[in-house]
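Enquirer: Kindly generate the corresponding structure for this input.
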Amino acid sequence: MAHWSPNYMILPKIKQPIFILGMHRSGTTMITRALAEAGVHVGTVCDHNSEALYAIDINERIFQAAGGSWWSPPTKEAILQAIVDFETNLKDLDLYGAHLKHPSGRRRALAFAYSKAWAVKDPRLCYTLPWWLTRFPQAKVIWVLREEQEIVDSLLRRQAQKGEAFSSLTQETALELVHKYNEAATANIKNSGAEVCMIKYKDLVSTDIDLQRKSWFSLYQFCKVRPGAMEGFARLHPKSLGQTTAYSPKDLPTDGPLVSVIVPNYNHAQFLDERLQSIASQSYTNIEVLLMDDHSSDSSRDVLERWAGSDARMTTLFNNENSGSPFSQWAKGAAWAKGKYLWIAESDDYCDKDMLAVHVQSMEANEKAVITYSHSHLVDEKGQFLRDFRDDYEFIFGDTAKWTRDFTVHGKTEVAKHMVFSNTIPNASGILMRKAAFDAVGAPATHWRLNGDWLLYSKLLQHGELIFHARPRNKFRFHAQTQRSRAMSSYKAFDELLEMYDIFESKGYAPLETINAARGQVAMWWAANVFSMARTSEVWRNNLRLFKAFKRYKPGLGRYLLRSGAIKILGQFFIFLGLKKPAKKLAARMFPKSFFAH
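Expert: Numbers count the residues shown, from 1 in each chain. Take a look at the predicted model:
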């Protein structure tokens, strides 16, 4: 590659690029070609997939230096080691010149030859993004998401076609390859702090024309180019069926080691019958159940006593005054428990009758496991489906494929890669813990109100493995009394998160750069909720303190808050004038989803 180094007094201001990430066959070529027609420069010399040849060369050589290839990508550690000394002489202007392939090769000529948006696309960017961001730290990232099985089907269809790189993929090896690229993209994007636009392939080719137009418009808006084509895009092949590969266990046990079931209750009388029925009817029967009440003011105790009187496995433990912390009840229940395993069944939730049997079976088969849990669905007061927790994971991680299949993972790895960003064990009711591990770690301190479970699971997972079951056997009820329904309306929730990340840092649960990226993400959660909090001097004073703490981890936080305040004032003014729809359009333009560090 040529290296431009003439001495000019006037150096060009190089526009930061847009990196287009996504596994091969995920729709990145369709997006790149559409952006090119809209005026985004995707490279003067490209291959048939609209990938600039100089970028392919760089990424290929990084892979080789890390001991990998396209079909057998290197590990994250190998990549990070390889890029330390890789082409350190290549600067941003060199890459900019290679992208434009300007005939003169002079810097001043480059300064005036092109000043519009430009983009780099290559699936290997999922791995090599950190190297590129050291040259272009303000670059944007487009992350294209497509269902894994669709990508696999497309890879298998095209691997023998002319013009495609030869491969001998099978269903299993293709799926494994997709997993690797998606996991690499997730980790690098989360740690980068870059401005990211996550776009779903299914939305770009949707038969809903309004959705298709909206998706393409947001993409052009993110790139700051005049919108090009926004409809007429379609799948070349029918959509793959089936998104969840959950294992259905056979020959589930009905008896075995004792399981201690703790039911901590406070003012959930209306939900107790359904909760306790789902426990009593479990196909796994060797259980002891402690029905606890934290000085409820409703008829909870009557319901609990009725159940204890009808089922010999159940006993009661009532507090004479409120403990002030749900975790105080957890500790008291764990001290009472005699079982090998511990199930904390929250009093307003319920579950499928085979959940406990599935959990016991998997724990008995893996002595290294300290936690096993089932996927949860969020339901309302009447038990009606509200949403899938994978929707939350999509917002936070982008790629949700991990949670569409059963898996077992080393606990420390899960904390460092995923739980540092979100409590991916969203509900205690859906998990089974090894009691010996719980006793070793101890229940969360009573000053924790909202995030003590997140910290507890992270501590437990330092001692063993995690087993996940993709079938949504647990139902997490969300209602006005739910603790987490009030979480983001209080600055105290964010104080807890900052305290938790301090513990993560001191214990070395994740690399510091990852923890700081997580802090930056929480900063945006805080910023999105700060104007909805109570308007008291105490709240304003503490939010000012939080702003000072968060701004270190999220550049541009102050600007965002100013824009947020302005749009809220304008929005209220427009609504007062009866112009709600224009206000929503203005908000969409000022606050694109891509601003958030997903």
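Enquirer: any idea of the pLDDT on the closest residue to residue 45 other than its chain neighbours?
Expert: Using C-beta to C-beta, 6 or more residues apart in numbering and skipping residues adjacent in sequence, the residue nearest residue 45 is residue 53, 5.0 Å away. Every C-beta, even on glycine, is put in place using the N, C-alpha and C of the backbone. pLDDT for residue 53: 94.
Enquirer: ok, now residue 518?
Expert: We have a pLDDT of 93 for residue 518.
Enquirer: Also residue 359?
Expert: At residue 359, the pLDDT value in this model is 98.
Enquirer: Pull the contacting residues for the most centrally placed residue in the chain.
Expert: Residue closest to the average C-alpha location in the chain (C-alpha atoms, centre = their mean): residue 397, at 2.5 Å. Under the criterion of C-beta atoms under 8 Å, 6 or more residues apart in numbering, the contact list for residue 397 reads 186, 190, 418, 421-422, 598.
Enquirer: So which of those sit within helices?
Expert: 186, 190 (DSSP state H).
Enquirer: which one is residue 468 nearest to, not counting chain neighbours?
Expert: That would be residue 407: by C-beta to C-beta, 6+ apart, it lies 5.2 Å from residue 468.
Enquirer: Look up how far residue 470 lies from that neighbour.
Expert: 8 Å (C-beta to C-beta, to the nearest Å).
Enquirer: neighbour count winner among the two?
Expert: residue 470 (19 against 14; other C-beta atoms under 10 Å).
Enquirer: quick one on the thing from earlier: state the number of residues packed around the residue nearest to residue 45.
Expert: 14.
Enquirer: next one: residue 72
Expert: Per other C-beta under 10 Å, the neighbour tally for residue 72 reads 11.
Enquirer: Over to the one 5 residues further on?
Expert: The burial metric for residue 77, expressed as a neighbour count using other C-beta under 10 Å, is 9.
Enquirer: got it, and residue 493?
Expert: Neighbour tally, residue 493, other C-beta under 10 Å: 19.
Enquirer: what sits against residue 62?
Expert: Residue 62 neighbours (C-beta under 8 Å, 6+ apart): 79, 82-83, 86, 124, 127-128, 131.
Enquirer: could you redo the last one with a cut-off of 6 Å?
Expert: Applying C-beta atoms under 6 Å, 6 or more residues apart in numbering, we find residue 62 in contact with 82, 86, 128.
Enquirer: Do a quick rundown of the strands in the stretch 151-300 of the chain.
Expert: 195-200, 259-265, 287-293 (DSSP state E, counting those that start in this stretch).
Enquirer: right, so of those strands, which gets closest to residue 220?
Expert: strand 195-200 (10.5 Å; C-beta to C-beta).
Enquirer: pLDDT value on the residue nearest to the centre of the chain, please?
Expert: Per-residue pLDDT puts residue 397 at 79.
Enquirer: where does the stretch 151-300 of the chain have low pLDDT?
Expert: Within the stretch 151-300 of the chain, the stretches with pLDDT under 70 are 160-167, 238-249.
Enquirer: Also the chain?
Expert: By pLDDT under 70, the weakly predicted segments of the chain are 1-13, 102-115, 160-167, 238-249, 480-489, 571, 582-598.
Enquirer: Quick check: can you list the domain ranges of it?
Expert: Per automatic domain parsing, the structural domains of the chain span 18-223, 259-484, 490-595.
Enquirer: quick revisit: got phi/psi on the residue nearest to the centre of the chain?
Expert: When read as degrees, to the nearest 10, the backbone of residue 397 gives phi -110, psi -20.
Enquirer: roughly how far apart are it and residue 419?
Expert: With C-beta to C-beta as the criterion, residue 397 and residue 419 are 11 Å apart.
Enquirer: Likewise for residue 374?
Expert: 17 Å.
Enquirer: Looking at those two, which is more packed in?
Expert: residue 374 (26 against 23).
Enquirer: So that one sits against residue 469, correct?
Expert: Yes: counting by C-beta atoms under 6 Å, residue 469 is a contact partner of residue 374 at 4.5 Å.
Enquirer: Great, nothing more from me.
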